[in-house]
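Chemist: here are the coordinates; sequence isn't available:
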């Protein structure tokens with residue numbers, strides 16, 4: 001186990017990647033590879049991490065989640081992603097349009113494969129990038145609260161846009177249509193309307209670097 005991450009376990013001084021009611025995520029060495037390990041807490045109300053691991057594996061095959069290397073009821077070992085989280089990129093006083101679009105596209109991919117991530121209405125820590133620069137890839141992590149379904153695009157926009165001061169009123173019709181069938185043509189309309197809103201907010205457009 002490595003002492004690394006943004007959070008500290010109370011009473012230990014150990015740095016960890018994340019901690020919650022059900023599990024703790026730590027960095028560790030697997031042979032010569034640094035990985036992330038999610039361990040179920042002994043006081044967790046969850047009986048198993050198997051559903052989360054299978055959802056993670058499916059999302060990883062679709063290109064929008066870290067790759068799981070091993071899992072059982074109590075552990076998930078996965079690739080470690082060390083890039084910034086969405087909340088980090090939005091904390092610099094400027095809205096990085098490219099990051100919002102990458103996060104939206106990752107949410108759309110989850111809709112396509114039918115995994116609904118129930119925490120994407122608060123996406124600040126659930127979306128991690130492979131770098132803090134234009135065209136860095138957005139990955140979605142932590143599938144503890146997930147189920148079969150399609151609702152990620154609506155969740156992430158509903159959480160993001162009010163937080164950055166964007167009025168969603170003009171998108172209601174297109175979002176309602178997307179909610180009805182989650183098809184590609186409805187998504188394309190949502191993305192085009194979002195780009196127009198973000199261009200007004202951020203005149204540099206989607207290619208503007210941080």
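Modeler: Looks like it arrived, so ask away. Predicted model only: the values in this text are computed from it and were never measured. Residues are numbered from 1 along each chain as shown.

Chemist: the helix or strand bottoming out on mean pLDDT in the chain pairs with which strands, and in what direction?
Modeler: Lowest on mean pLDDT, DSSP states H and E among the helices and strands of the chain sits strand 7-8, with a mean of 82. Sheet pairing of strand 7-8 (DSSP bridges) gives strand 15-16 (antiparallel).

Chemist: so for the strand it pairs with, mean pLDDT?
Modeler: Strand 15-16 carries an average pLDDT of 88.

Chemist: list the contacts of it.
Modeler: 3, 4, 5, 6, 7, 8, 9, 24, 25, 26, 27 (CB atoms under 8 Å, 6 or more residues apart in numbering). Yep, even glycine has a C-beta here, placed from its N, CA and C like the rest.

Chemist: return the members of the residues you listed classed as buried.
Modeler: Among the contacts of strand 15-16, those classed as buried by neighbour count (16 or more other CB atoms under 10 Å) are 4, 5, 24, 25, 26, 27.

Chemist: can you count the residues close to residue 57?
Modeler: Neighbourhood size, residue 57 [other CB atoms under 10 Å]: 17.

Chemist: the one 10 residues further on too?
Modeler: Other residues within reach of residue 67 by the criterion other CB under 10 Å amount to 15.

Chemist: and it, how far from residue 108?
Modeler: Separation of residue 67 from residue 108 (CB to CB, to the nearest Å): 20 Å.

Chemist: can you check residue 5 too?
Modeler: 29 Å.

Chemist: domains of this structure?
Modeler: What automatic domain parsing lists as the domains of the chain is 7-46+68-79, 86-201.

Chemist: just say which of the ones you listed is most tucked in.
Modeler: domain 86-201 (a mean of 18; mean count of other CB atoms under 10 Å).

Chemist: low-confidence stretches in this protein?
Modeler: 92-93, 200-210 (pLDDT under 70).

Chemist: mind listing the strands for the protein?
Modeler: Using DSSP state E, the strands of the chain run over residues 7-8, 15-16, 18-19, 23-30, 33-40, 68-71, 75-79, 115-117, 127-129, 138-140, 146-148.

Chemist: which of the contacts of strand 15-16 lies closest to residue 99?
Modeler: Closest to residue 99 out of the contacts of strand 15-16 is residue 6 (18.3 Å), distances taken as CB to CB.

Chemist: now the closest one: phi and psi?
Modeler: For residue 6, the backbone dihedrals (degrees, to the nearest 10) come out as phi -80, psi -10.

Chemist: pretty sure it contacts residue 17?
Modeler: Yes: counting by CB atoms under 8 Å, residue 17 is a contact partner of residue 6 at 7.4 Å.

Chemist: so residue 87 sits against residue 125, correct?
Modeler: Yes: between residue 87 and residue 125 there is a contact at 6.1 Å, judged by CB under 8 Å.
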